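Novice: The following block contains a protein sequence and its predicted model.
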Amino acid sequence: MSIGPASAATAPLRVVASSVPHAEILEFVDEKLAPELPLKIIEISGDLRPNTLLRDGDADANFFQHVPFLRSEEAAMGMRFAVIAAVHIEPLGLYSHRAKALADLPNGGVVSLSNSVSNTSRGLSLLQANGLIRLRATDTGVNATLDDVSENPKNFRFVEIAPPQLPRSLDDVALAVINGNYALEAGLEPARDALALERAEGNPYANVLVTTEGLAKDPRVLRLGTLLTSAEVAEFIRNRYRGSVVAVRSS
């Protein structure tokens, strides 16, 4: 049963967030920047669908996703949410326990990547950017799928699995395409451990603070959006994650 949105100005703002780095960033805001803004941070991991919690009134905001993923969720759920602030980028990475460089990847090796539509396309784009595959041209705004792989010189075999399981697949595949937050949760340091990372410049996959259209003007939500895009948070991200997470605001 939904407990309804907490709309009173003094009520704690309930924010659903991935454990790393999102909840850590929120904890920094809560403890160091805005003790007057009470936050109830609801940490999630695995396959829980935070947007359904937001839809059902069991949370006031969430902080775990990028806009392309949000748009795919909105299409599936038949509703729109409100993006309050773009906070940081978690560069998608290519990881391997079997190769020390992309050139060492074996012919016919298995490559694991996300089974979510937007992240599948994102992973395929990263593989193409590193010369491992070639994609046929798709219409603007259309997500690439495995059917769009036109050249596969190393004859990779692809397996799509749930994003939280990607780090666990490393022992079984030649290469895994892993989201930054799940890499961090698994003890990987993307800036050090990835064989290749997405570029942060011009990256359309910034992680965003999201709420419902009904709470889009809630002062608590707007205040949190301002804090998450502050110079103090940018410095925290830079010092804490050392390039594995990149603030949208540079300073």
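Specialist: Thanks, I have it.
Novice: Only C-alpha atoms from now on, for both contacts and neighbour counts.
Specialist: Noted.
Novice: Would you indicate which residues of the longest helix along the chain are buried?
Specialist: Looking across the chain with DSSP state H, the single longest helix is helix 117-129. For helix 117-129, burial by neighbour count (16 or more other C-alpha atoms under 10 Å) applies to 118-128.
Novice: Check pLDDT for those and point me to the minimum.
Specialist: Checked by pLDDT, these have Ser118 as the lowest-scoring entry (89).
Novice: and this protein, what are its domains?
Specialist: 13-90+203-247, 93-197 (automatic domain parsing).
Novice: Export the longest helix of the chain to CSV, keeping only CA atoms.
Specialist: The C-alpha atoms that make up helix 117-129 are tabulated as CSV, following Å, rounded to 0.1, in the frame of the first residue of the first chain:
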residue,chain,number,x,y,z
VAL,A,117,17.6,-1.3,-24.1
SER,A,118,19.4,2.0,-23.5
ASN,A,119,22.4,0.4,-21.9
THR,A,120,22.7,-2.2,-24.6
SER,A,121,22.9,0.5,-27.2
ARG,A,122,25.4,2.4,-25.0
GLY,A,123,27.6,-0.7,-24.6
LEU,A,124,27.5,-1.4,-28.4
SER,A,125,28.5,2.2,-29.1
LEU,A,126,31.5,1.8,-26.7
LEU,A,127,32.6,-1.4,-28.4
GLN,A,128,32.4,0.4,-31.7
ALA,A,129,34.3,3.4,-30.4
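Novice: so what does it touch, helix or strand wise?
Specialist: helix 67-77, strand 110-114, strand 134-135 (3 or more C-alpha pairs under 8 Å, 6 or more residues apart in numbering; DSSP states H and E).
Novice: I'd like to know which of the ones you listed lies nearest to Asp172.
Specialist: Of all the helices and strands packed on helix 117-129, it is strand 110-114 that lies closest to Asp172, at 8.2 Å by C-alpha to C-alpha.
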